[in-house]
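Enquirer: give me the fold of what follows.
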Amino acid sequence: MKIFCLNSKPYKIAAVCILVCIMLCSALFITKSQTVFFGYAARKLPIYSVDTNEKKIAITFDAAWGADKTEEIIKICQKKNIEATFFLVGFWVEKYPDLVKKIDEANIFDIGTHSNTHPNMGGLSEEQMRNELTTSVKLIEDITQKKVKYFRPPYGDYSDRLITVCEDLGLQAIQWSVDSLDWKGLLAGEMLQRITSTVQNGSIILCHNNSDHIVEALPVIIDTLRAQGYTFVKMSNLVYAPGSKIDNNGTQYNTIA
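Expert: The predicted structure is shown next:
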């Protein structure tokens, strides 16, 4: 019978190789939106949610194509006495300036930019990113006479460069932690189930202003979550100051990084 001895040279070499592999694997880890490798800087992240002990959440509406349901969304939010946030694309603002005024004059919404032309911004040059942001911000500010503080990347696509440009322009990049999937045509009950199954303190909920069933779903979503003790707030009443710590999951903390 042949006996293998772990003290022999070949096995010592093999053991060392295995140990090195383990160390390399430990040094490289990937979360849902961040990669860290040895001493390299972590990827910059937008805000996905906020760490808070309060039962407050933010519902958001991205507006790029269509506007038929926007006034009804405004009325529902007013009737239900909740705050919310709209992220508007520049070409939408140009097409529907009167609706931008109505959103602003309701005094229960924050208005952020959703870019100017709705491109995948993560791969754009810095100059293109700045143009997308500054152009859309100016269009909104010219109507509202209020500073735009928030930006949502189209398609959720971003990069370190984009987050840096946002920081330079005084914008906080806002992602989401709860996707209603309303853009897929889900029915009101299906949206409600998706949202209630994942919502928690500090959640940011993604909806769209012209999705098929948002008008039917919105009152039910509001009533159900309110019954669970949640308060709906606009972005300025949820997120912390720029420069606050954002962890590997995109959760923002009330601590300067």
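
Enquirer: all strands of the protein, in order?
Expert: Taking DSSP state E as the criterion, the chain contains strands spanning 28-30, 35-37, 49-50, 56-63, 84-88, 109-113, 150-151, 172-173, 178-179, 204-208, 231-232, 244-246, 251-256.

Enquirer: between those strands, which gets the lowest average pLDDT?
Expert: Taking the mean pLDDT of each of these, the lowest value is held by strand 35-37, a mean of 35.

Enquirer: low-confidence ranges in this protein?
Expert: The chain contains residues with pLDDT under 70 at 1-41.

Enquirer: centroid residue for it?
Expert: The structure's the chain has its C-alpha centroid closest to residue 175; by CA atoms, centre = their mean the separation is 0.8 Å.

Enquirer: from residue 201, how far out is that one?
Expert: Relative to residue 201, residue 175 is positioned 17 Å away (criterion: CB to CB, to the nearest Å). In this view, the C-beta of every residue, glycine as well, is placed from N, C-alpha and C.

Enquirer: circling back: reformat the strands of the chain as JSON lines; add distance to residue 127 and mean neighbour count.
Expert: Formatted as JSON lines, the strands of the chain follow (distance: least, CB to CB, whole Å; neighbours: other CB atoms under 10 Å):
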{"stretch": "strand 28-30", "distance to residue 127": "30", "mean neighbour count": "11"}
{"stretch": "strand 35-37", "distance to residue 127": "26", "mean neighbour count": "13"}
{"stretch": "strand 49-50", "distance to residue 127": "31", "mean neighbour count": "26"}
{"stretch": "strand 56-63", "distance to residue 127": "24", "mean neighbour count": "25"}
{"stretch": "strand 84-88", "distance to residue 127": "22", "mean neighbour count": "27"}
{"stretch": "strand 109-113", "distance to residue 127": "17", "mean neighbour count": "25"}
{"stretch": "strand 150-151", "distance to residue 127": "17", "mean neighbour count": "24"}
{"stretch": "strand 172-173", "distance to residue 127": "18", "mean neighbour count": "22"}
{"stretch": "strand 178-179", "distance to residue 127": "31", "mean neighbour count": "20"}
{"stretch": "strand 204-208", "distance to residue 127": "28", "mean neighbour count": "24"}
{"stretch": "strand 231-232", "distance to residue 127": "38", "mean neighbour count": "18"}
{"stretch": "strand 244-246", "distance to residue 127": "26", "mean neighbour count": "18"}
{"stretch": "strand 251-256", "distance to residue 127": "28", "mean neighbour count": "15"}
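
Enquirer: redo those strands as JSON lines? Include distance to residue 69.
Expert: Converted to JSON lines, these look like this (distance: least, CB to CB, whole Å):
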{"stretch": "strand 28-30", "distance to residue 69": "38"}
{"stretch": "strand 35-37", "distance to residue 69": "39"}
{"stretch": "strand 49-50", "distance to residue 69": "26"}
{"stretch": "strand 56-63", "distance to residue 69": "9"}
{"stretch": "strand 84-88", "distance to residue 69": "12"}
{"stretch": "strand 109-113", "distance to residue 69": "15"}
{"stretch": "strand 150-151", "distance to residue 69": "22"}
{"stretch": "strand 172-173", "distance to residue 69": "26"}
{"stretch": "strand 178-179", "distance to residue 69": "18"}
{"stretch": "strand 204-208", "distance to residue 69": "9"}
{"stretch": "strand 231-232", "distance to residue 69": "18"}
{"stretch": "strand 244-246", "distance to residue 69": "32"}
{"stretch": "strand 251-256", "distance to residue 69": "30"}
